[in-house]
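Undergrad: Dropping the sequence and predicted coords here.
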Amino acid sequence: MGQTTQQTTRRKGWFTCFAQGTSNWAGSQSAFLLAFGSILLWAVTGPIFRYSETWQMIINTGTTIITFLMVFLIQNSQNRESKVVQLKLDELIRAVEGAENALINMEEMTEDELEATHAKFIRMAEQAARTRTGRRAAREKAVEAAE
């Protein structure tokens, strides 16, 4: 059995399956059409129910409940996606020769450690910019001397 097949046959927890399936469906055209149709139906029934408080409460309650539940499903999907991306980046850092392995799992660093690492990379970027500027100036001088 190949690695891809092994990955797809692993069992996910019920909530993960539910959250991913619901998130995928919620972002679909069908979900949008269902929501739009529900709102349209609600609006059309306004005159029938004389725009009563109960009629208004139906849409308010429904949208509040759906929004409340979707927040958790979306957060679950975001957390999972973020973790996957972070793991892929960690693997790239680990696999690249010369990369700074201290950056693996840097999401576990304290704020002070993150700021120190950020400052270090700013200094490295500034140094690289100075080096590029120096090389460019040297090339321009060489071109001028050749002319």
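TA: On my side now, so go ahead.
Undergrad: in which helix or strand would I find Ala128?
TA: Assigned by DSSP states H and E, Ala128 falls within helix 111-146.
Undergrad: How far away from the center of its chain is that helix?
TA: From the chain centre to the centre of helix 111-146 is a distance of 31 Å (C-alpha atoms, centre = their mean, to the nearest Å).
Undergrad: So which bits of it are buried?
TA: Buried residues in helix 111-146, counted by 16 or more other C-beta atoms under 10 Å: none are found. For the C-beta atoms, the positions are set from N, CA and C on the backbone; glycine is no exception.
Undergrad: again, but for stretch 97-104
TA: Ile104.
Undergrad: do stretch 36-56 as well
TA: Trp42.
Undergrad: What average pLDDT does that stretch get?
TA: For stretch 36-56, the mean per-residue pLDDT is 95.
Undergrad: first vs last residue of it, how far apart are they?
TA: For stretch 36-56, the first-to-last residue distance is 16 Å (C-alpha to C-alpha, to the nearest Å).
Undergrad: After the lowest-mean-pLDDT helix or strand in the chain, which helix or strand is next?
TA: Across the helices and strands of the chain, mean confidence by mean pLDDT, DSSP states H and E is lowest for helix 3-9: a mean of 51. Counting by DSSP H and E, the next helix or strand C-terminal to helix 3-9 is helix 14-26.
Undergrad: Done for today, thanks.
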